[in-house]
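A.B. asks: Dropping a prediction and its sequence here:
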Amino acid sequence: MSEYKKIILAVDLTEESKLVARRAMALVEAFSSELHIVHVIEPLGLTYGGDVPMDLSSVQEQIQEQAKAHLAEFAAELGVSESRQHLIFGRPESEIQRTADQEQADLIVVGSHGRHGLALLLGSTANGVLHGAGCDVLAVRVGKAD
Ligand code: AMP
């Protein structure tokens, strides 16, 4: 197997992210890879289909500030510098892929809940990232099946 020189770790910043990060770190150590961390903020307008009759900009700003601080803290624990932290707005699947393309990464590491039934039909972030990714994708099993 060829080496992974650059790894993109995608985190939703939940508790489960620590487990996903642990797997990524094992690979970083094995291959002396460069690690980048990406967290995507879904714009509230996107989430609610633009149908909310109020100005969400200050809420969005607060979400961004909190996410930035949380990402910085998470990255510091892994020894990842600010230039390798990516805080992006958009849809997680496509922004994770875009960051991997932009950084010319050779591996994306995401968590996967291994859902069944309806959630499987609708697809998870891991599924979305896998479809259309230009590099390898490692889906780390996290949480419960349902
Ligand atoms: P999900 O299937 O959407 O619950 O997410 C599974 C995995 O996708 C997470 O463990 C992360 O690796 C990745 N992911 C989900 N949402 C985001 C996000 N907003 N930013 C970055 N990665 C995410």
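C.D. replies: Nice, thanks for sending it over. Computed from a prediction, not measured in an experiment: that's the story for all the values here.

A.B. asks: could you show me where the strands are in this structure, in order?
C.D. replies: Along the chain, the segments classed as strands by DSSP state E run 6-10, 34-41, 85-89, 107-112, 136-141.

A.B. asks: Deepest-packed of those, please.
C.D. replies: With neighbours defined as mean count of other CB atoms under 10 Å, the strands of the chain peak in mean count at strand 6-10, which reaches a mean of 26. Yep, even glycine has a C-beta here, placed from its N, CA and C like the rest.

A.B. asks: Report the angle between it and strand 85-89.
C.D. replies: 50 degrees (axes from the mean of the first three to the mean of the last three CA atoms, to 10 degrees).

A.B. asks: Give the bridge partners for His39, please.
C.D. replies: Leu87 (DSSP bridges).

A.B. asks: do you know which of the strands of the chain lies nearest the ligand?
C.D. replies: Evaluated over the strands of the chain, closeness to the ligand peaks at strand 107-112, with 2.3 Å, by CB to the nearest ligand atom.

A.B. asks: Return the list of helices and strands in contact with that closest one.
C.D. replies: On a contact count with 3 or more CB pairs under 8 Å, 6 or more residues apart in numbering; DSSP states H and E, strand 107-112 meets strand 6-10, helix 16-31, helix 92-103, helix 125-130, strand 136-141.

A.B. asks: Swap in 6 Å and give it another go.
C.D. replies: Secondary-structure packing of strand 107-112 (3 or more CB pairs under 6 Å, 6 or more residues apart in numbering; DSSP states H and E): strand 6-10, helix 16-31, helix 125-130, strand 136-141.

A.B. asks: just the angle between that strand and helix 92-103, please?
C.D. replies: Using the same axes, to 10 degrees: strand 107-112 against helix 92-103 is 160 degrees.

A.B. asks: Can I get strand 107-112 in CSV, CA atoms only?
C.D. replies: C-alpha atoms of strand 107-112 as CSV (Å, rounded to 0.1, in the frame of the first residue of the first chain):
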residue,chain,number,x,y,z
LEU,A,107,-7.3,10.1,2.3
ILE,A,108,-10.4,11.4,3.9
VAL,A,109,-11.4,10.0,7.3
VAL,A,110,-15.0,10.3,8.4
GLY,A,111,-17.3,8.7,11.0
SER,A,112,-20.0,6.4,9.9
